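In: Quick one, structure for this:
(2 chains)
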Amino acid sequence: KAGVTQTPRYLIKTRGQQVTLSCSPISGHRSVSWYQQTPGQGLQFLFEYFSETQRNKGNFPGRFSGRQFSNSRSEMNVSTLELGDSALYLCASSISASGNTEAFFGQGTRLTVV
Amino acid sequence: QQPVQSPQAVILREGEDAVINCSSSKALYSVHWYRQKHGEAPIFLMILLKGGEQKGHDKISASFNEKKQQSSLYLTASQLSYSGTYFCGTERADSWGKLQFGAGTQVVVTP
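Out: Have a look, this model is predicted:
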């Protein structure tokens, strides 16, 4: 079966711009989570959506937002980009509402802010 | 709250063993372990639910001590393919779906 697909794979944006990243989960998966990965910081949790509802949120400013559609596809938006937003953004999908199933990660979108 | 992983890095020769620890100050519902190789997505290794069970994946196993809220990953008779960064992810019972990861442990296995 197809894995988690993230688009685009690479992005270069200028400070102050906004950006939208997309994530298509594995078919049948209803939970989608987003993470920011930077060297030395590991995977920082952004938010998690389940059945079109944001169920959990991490400690990121309001410039980071997301949504999930009825087909479980998810988008993440970052407004007013800052240099520090440069990172690899990963999304992960899982089938269950609870934590006893594995999460499948996409290849990520590498965002560079200049 | 992110779990704390230790050590930050470990260098092994093929065939040696290593232990990676992951601890939380909060009561956990589950602990997940993932491995990420450079330029690749993290891949799932195993999940441990509260109850102290131990699981295995080839010669990689893990345990979860519910009293200490600590999980340990054991790399036994390490192989070159074990190289990568290992992340533990923790989930609390009051926030299903919120999987928070530690900073990672870089493992390098040399011939």
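In: only C-alpha atoms for contact and neighbour calcs from this point on.
Out: Noted.
In: Show me which residues of chain B are close to chain A?
Out: Near chain A, the residues belonging to chain B are B:29-30, B:32, B:40-44, B:46-47, B:49, B:87, B:91, B:95-104 when assessed by C-alpha under 8 Å from any C-alpha of the partner chain.
In: Tell me which of these fall in strands.
Out: With DSSP state E as the criterion, strands contain B:Ser30, B:His32, B:Ile43, B:Phe44, B:Met46, B:Ile47, B:Leu49, B:Phe87, B:Glu91, B:Gln100, B:Phe101 from among the residues of chain B next to chain A.
In: Write out the residues of chain A neighbouring chain B.
Out: A:31, A:40-45, A:47-48, A:55-57, A:97-108.
In: Now the buried members of the residues you listed.
Out: With neighbours counted by 16 or more other C-alpha atoms under 10 Å in any protein chain shown, the residues of chain A next to chain B contain buried members at A:31, A:42-45, A:47-48, A:55-57, A:98-108.
In: Of those residues, which belong to strands?
Out: Among those, the subset assigned to strands under DSSP E consists of A:Ser31, A:Gly42, A:Leu43, A:Gln44, A:Phe45, A:Phe47, A:Glu48, A:Arg55, A:Asn56, A:Lys57, A:Phe104, A:Phe105.
In: Is the first one in contact with A:Gln54, as I believe?
Out: Okay, so that is A:Ser31. No. Applying C-alpha atoms under 8 Å as the test, A:Ser31 and A:Gln54 come out as separate, 9.7 Å apart.
In: Next up, the contacts around the single nearest residue of chain B relative to chain A.
Out: When scored by C-alpha to the nearest C-alpha, chain B has B:Ala103 as its residue closest to chain A, at 4.2 Å. Shown here is B:Ala103, whose contacts under the criterion C-alpha atoms under 8 Å, 6 or more residues apart in numbering or on different chains are A:Gly40, A:Gln41, A:Gly42, A:Leu43, B:Val4, B:Gln5, B:Gln8, B:Phe87.
In: at 7 Å what do you get?
Out: Under the criterion of C-alpha atoms under 7 Å, 6 or more residues apart in numbering or on different chains, the contact partners of B:Ala103 comprise A:Gly40, A:Gln41, A:Gly42, A:Leu43, B:Gln5, B:Phe87.
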